[in-house]
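In: any chance you could fold what I've pasted below:
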Amino acid sequence: MSLLFENDAKEILRRNGIPVPKGQVVKASLEKEAYSDLFRFPVVVKALIPSGKKKKLNGIIIAEGPGEAERAIKKLIGLKIGHFIANSVYVEEFFKTEKEFFLSFFVDNLRKTLSILASSEGGIEIEELIQSNRTNIVRFDLNPLEDFRVYEAIQIGVALGVKGKALRDFFSLLMKCYRAFIDYELKLLEINPLSISPEGNFCAVGALINVDDDALSRHPELSGICSSDSDRFWRTPTELEERVIKADQKDPYRGTARYTEIEGGDIGFIGGGGGGSLMLFDSLRAKGLKPANYSEVGGNPPEEKVYELTKAVLSKMGIKGFFMGTPITNNTQVDILAKGVTRALKDLSININQFPIVIRTAGVNNEEAKRIFETNGISFYGIETTLPEAVEIMVQRMKDMR
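Out: Reported below is the predicted structural model:
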């Protein structure tokens, strides 16, 4: 799934007629002109990270005036919030709230339904309230083959205790949320809090949206604001991780390349995906070696994707060896792997006589792959060598270099 920053999520809501606070992204405290003339104070300064729970993690500050806003921006930009670094903030108008609700549209994989979860209370304690049954909760499962009906939206509002004009506005808002959820092919649309003012006006004060990666090609309007597969990261992606993500997205429907950095470690690692990769990774660690990353490649990617992945794996500081192991079930032309890997080694000017390399792979065009590797001075281990045996060879190579 692709996680959206709050400003982008709110822009999608705004396009669909859902009220949101006026806001502006600010990347430095000196950018007063970016927000000072847009709002009346007070304003809310929010750290822009691809995650919810910002208020609970001290990532939201209310500023009563320009001086407080500037200090809040300085405090939040560059701050580590949870596992993310805030590189910018979102300054938005303060919405005076009388009551808060929680509203979520999501895909329930277990029930195989589109579902709505709503609560008569919202805010940062919503999870605790739901778990302890201290709030009025309504769950509604929609038939994916049928549209969400107005009377069903009204029933949800009534169950939450919404009355009068507010009920009319509430079911209208629910219908707009449903339309956005379907039209953009979302996995999650969450509004928390959905606030109502003393005058009875609703506003999506907090918003979180996840987009289905497989739907991105059908939504060019989301280009530039969605990062495919970004929900894999529990922290801000590193420069090398971002590089691989971009390389993978250039040709998203021809194979996959994934890269996750690991603190420490001195072995560059690429596996063939699935349980085999995990087995190899664990085997290297069990033998005393320390992979510096976890990477997967598979599904017959183009040479460029293999090249960019290998280059990223080998570019991390402190790498002293390289291990690549893929099973025959990887469904990849191994000569393409060979071309991408050897090209990366050449471009990085790695001395293969002083740098332990073990390549064990098998599959289509196996003989050509062997020729490419051996022409470049790299030993090739095919199907006659088991994956555990390849791990043992890597262990010995590392010992020999020490």
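In: can you map out the strands along the stretch 1-150 of the chain?
Out: 2-3, 23-26, 43-47, 60-63, 80-81, 84-85, 89-93, 99-108, 113-119, 137-142 (DSSP state E, counting those that start in this stretch).
In: would you convert the ones you listed into CSV that also reports mean neighbour count, distance to Lys290 and mean pLDDT?
Out: Yep, even glycine has a C-beta here, placed from its N, CA and C like the rest. Below are the strands of the stretch 1-150 of the chain laid out as CSV (neighbours: other CB atoms under 10 Å; distance: least, CB to CB, whole Å; pLDDT from 0 to 100):
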stretch, mean neighbour count, distance to Lys290, mean pLDDT
strand 2-3, 22, 30, 76
strand 23-26, 20, 39, 91
strand 43-47, 26, 33, 93
strand 60-63, 18, 38, 93
strand 80-81, 16, 25, 82
strand 84-85, 18, 25, 80
strand 89-93, 25, 37, 93
strand 99-108, 20, 38, 93
strand 113-119, 19, 43, 92
strand 137-142, 16, 46, 90
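In: out of those strands, nearest to Lys165?
Out: Closest to Lys165 of the strands of the stretch 1-150 of the chain, according to CB to CB: strand 99-108, at 13.9 Å.
In: how far does the closest one sit from its chain's centre?
Out: 20 Å (CA atoms, centre = their mean, to the nearest Å).
In: for stretch 287-302, same thing?
Out: Centre-to-centre, stretch 287-302 and its host chain are 19 Å apart (CA atoms, centre = their mean).
In: can you check stretch 390-402 too?
Out: Centroid displacement of stretch 390-402 relative to its chain, using CA atoms, centre = their mean, is 35 Å.
In: and the strands in the stretch 251-400 of the chain?
Out: So, for the stretch 251-400 of the chain - with DSSP E, counting those that start in this stretch - the strands run 256-261, 267-271, 293-298, 321-325, 357-360, 380-381.
In: Tyr178 is in contact with Ser104, isn't it?
Out: No: Tyr178 is beyond contact range of Ser104, at 11.9 Å (criterion: CB atoms under 8 Å).
In: could you measure Thr375 against Ala338, distance?
Out: The gap separating Thr375 from Ala338 is 9 Å, by CB to CB, to the nearest Å.
In: and for Val244?
Out: With CB to CB as the criterion, Val244 and Ala338 are 19 Å apart.
In: one more: Lys176?
Out: Lys176 is 53 Å from Ala338, by CB to CB.
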